[in-house]
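K.L.:
predicted model and sequence follow; I will ask about them next.
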Amino acid sequence: MRKILWLTSWMLGCVLLLGSCSEEEREKVAEEELPSQIVDNFQMQESKSGRDLYFLRGRRAFYYDKRNEIVVLEPHITFYGPGREITSKVVCDSGVISNRTGDLVAYGNVVVTAQDSTILRTDSLAWFNRRAKIETDAEVSISSPQGTIRGKGLISDADLNRIEIKEEVKGTTPFSVQEESE
């Protein structure tokens, strides 16, 4: 329901904005803002040198050719390891894919579930394809059979094996937490 209200508000705003512009300005705004394609039941696979990196499916996708981006509603992303084993899965409300780099940004109720049952929750997260890392500056919560950790900001690999929380680390775990000395 929130998505429908947001989309309706966005469309109404565009109509009001276009109504107050000159013909030339309206054409420019329409060209920049409207998607070139809309695809239902979107699917995409990213690979590098024949190795599958991730598979993404979503309810609907909006292609923006001028921005080289694809906006996906309700994406489900599966990340693969070197042997094509599933290392983690990501679900969220929406996401943006860069056509140039294959980078992903996930927004709203982001949940990453690793194969070892570790679960990362946050409100936004970016996957940087070239570095094969996920990052966020948002609040994070990580739950695993070993405990729960909360903090702000994170850098990790896709399978959540090497996690660095940037600040405000709190939680319970039997593992020792090593602080960096300056």
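P.N.:
Yep, it's here. Keep in mind that this is a model prediction, so the values were computed, not measured.

K.L.:
could I get the buried residue list for the strand ranked longest in the chain?
P.N.:
Taking DSSP state E as the criterion, the chain has its longest strand at strand 51-64. Using 16 or more other Cβ atoms under 10 Å as the test for burial, strand 51-64 gives L53, Y54, F55, L56, R57, G58, A61, F62, Y63, Y64. Heads up, the C-betas are built off the backbone N, CA and C, glycines and all.

K.L.:
measure the first one to T136 for me?
P.N.:
Separation of L53 from T136 (Cβ to Cβ, to the nearest Å) stands at 19 Å.

K.L.:
so which residues of the protein form strands?
P.N.:
Read by DSSP E, the chain holds these strands, from start to end of the chain: 37-48, 51-64, 69-73, 76-80, 86-91, 94-98, 104-114, 119-128, 133-144, 147-156, 163-172.

K.L.:
reformat those as a markdown table; add mean pLDDT.
P.N.:
Written out in a markdown table, the entries for the strands of the chain read as follows (pLDDT from 0 to 100):
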| stretch | mean pLDDT |
| --- | --- |
| strand 37-48 | 90 |
| strand 51-64 | 92 |
| strand 69-73 | 95 |
| strand 76-80 | 92 |
| strand 86-91 | 92 |
| strand 94-98 | 94 |
| strand 104-114 | 94 |
| strand 119-128 | 93 |
| strand 133-144 | 92 |
| strand 147-156 | 91 |
| strand 163-172 | 83 |
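
K.L.:
residue contacts, the spatially most central residue of the chain?
P.N.:
With distances taken as Cα atoms, centre = their mean, A106 lies nearest the centre of the chain, 1.8 Å away. Shown here is A106, whose contacts under the criterion Cβ atoms under 8 Å, 6 or more residues apart in numbering are P75, I77, V90, C92, S94, G95, S124, L125, A126, W127.

K.L.:
what pLDDT is listed against I4?
P.N.:
We have a pLDDT of 45 for I4.

K.L.:
apologies, that question was intended for S49.
P.N.:
Confidence at S49, expressed as pLDDT, is 81.

K.L.:
start at 13 instead
P.N.:
Got it, first residue is 13 now, which makes that one S61.

K.L.:
what about it, neighbour count?
P.N.:
Using other Cβ atoms under 10 Å, S61 has 5 other residues around it.

K.L.:
for it, give its distance to F67.
P.N.:
S61 sits at a distance of 17 Å from F67 (criterion: Cβ to Cβ).

K.L.:
domains of the chain?
P.N.:
Segmentation of the chain into domains, based on automatic domain parsing, reads 13-46, 47-184.

K.L.:
what's the most buried one of those domains?
P.N.:
The densest packing among the domains of the chain, expressed as mean neighbour count by mean count of other Cβ atoms under 10 Å, is seen in domain 47-184 with a mean of 16.
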